[in-house]
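Colleague: The following comprises the amino acid sequence and a computationally predicted model.
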Amino acid sequence: MTDSLFDLAHAVRFDLASGSVRAQGQEDRLVLLPAKALENLLLYASAESGVALGKALGESIGKRVAARIGATGAPSVDDFATALAGEAAVAGIGVVSFERWGRALVVVIEHSALPVPLLAPVVGAALEAASGRTVYSALLAHEGHSVRVLVASPSGIDRVRGWIASGISWGDALVKLQGGGS
């Protein structure tokens, strides 16, 4: 990956004199807070508020990726994925990686400090803001310290959810999706 696409050394700027934190190249201020405070807030928020919070966080990450990409031209898929994973890590989302299952994309987040219900909206909004395309995402699986978020068409997401609800494993549901199963 080119150094100019993601420079971890300057990803976050702390200005102690003014009491502010900013992401590289952004004038919007960031706020660092304990994950427990966020969990407590979400206990009293509606589900819609939680989704809106996740989308705002994801959009912020995606916009930083888009700004980096805009400065370098068209990145490779690997560079795009690395930039997105880097920005997510800097934001404290966790370790992000990507899996391709045919035409479906699965985003894996490990060791996230965020509550699990926030992760699908974060992923969808980050990918949408970074790519400039409409993105649909849904929680696929939560196992131990790993969360998988499915990025697919709305009908694909609905089919996978239905198969999982009927007892099929998420992996088998993704294989079935590639075969066009109904």
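Modeller: Okay, I see it.

Colleague: Need the pLDDT of the residue nearest the centre of the chain.
Modeller: Per CA atoms, centre = their mean, the C-alpha nearest to the average position across the chain is that of residue 123, at 2.5 Å. Looking at residue 123, its pLDDT is 97.

Colleague: Residue 150 versus that one, what's the distance?
Modeller: According to CB to CB, to the nearest Å, residue 123 and residue 150 sit 9 Å apart. Every residue, glycine included, has its C-beta placed from N, CA and C.

Colleague: Can you pull the residues that touch both of those two?
Modeller: residue 137 (CB atoms under 8 Å, 6 or more residues apart in numbering).

Colleague: ok, back up a step: what's the distance between the residue nearest to the centre of the chain and residue 148?
Modeller: From residue 123 over to residue 148 the distance is 10 Å, taken as CB to CB.

Colleague: Give me the common contacts of those two.
Modeller: Joint contacts of residue 123 and residue 148 (CB under 8 Å, 6+ apart) are 107, 109.

Colleague: Name the residues of the helix or strand encompassing residue 82 that are buried.
Modeller: Residue 82 belongs to helix 77-90 when assigned by DSSP states H and E. Neighbour counts over helix 77-90 (16 or more other CB atoms under 10 Å) mark 79, 80, 81, 82, 83, 84, 85, 86, 87, 88, 89, 90 as buried.

Colleague: which one of those is nearest residue 99?
Modeller: residue 81 (10.8 Å; CB to CB).

Colleague: What residues does that closest one make contact with?
Modeller: Counting by CB under 8 Å, 6+ apart, residue 81 touches 97, 98.

Colleague: Over to residue 80?
Modeller: Residues in contact with residue 80 (CB under 8 Å, 6+ apart) are 65, 69, 130.

Colleague: Please name whichever of those scores lowest on pLDDT.
Modeller: Among the contacts of residue 80, residue 69 has the lowest pLDDT, at 79.

Colleague: and the gap between it and residue 84?
Modeller: Per CB to CB, residue 69 is found 10 Å from residue 84.

Colleague: returning to what we had before: which single one of the buried residues of helix 77-90 is nearest to residue 172?
Modeller: Nearest to residue 172 among the buried residues of helix 77-90: residue 81, at 25.4 Å, using CB to CB.
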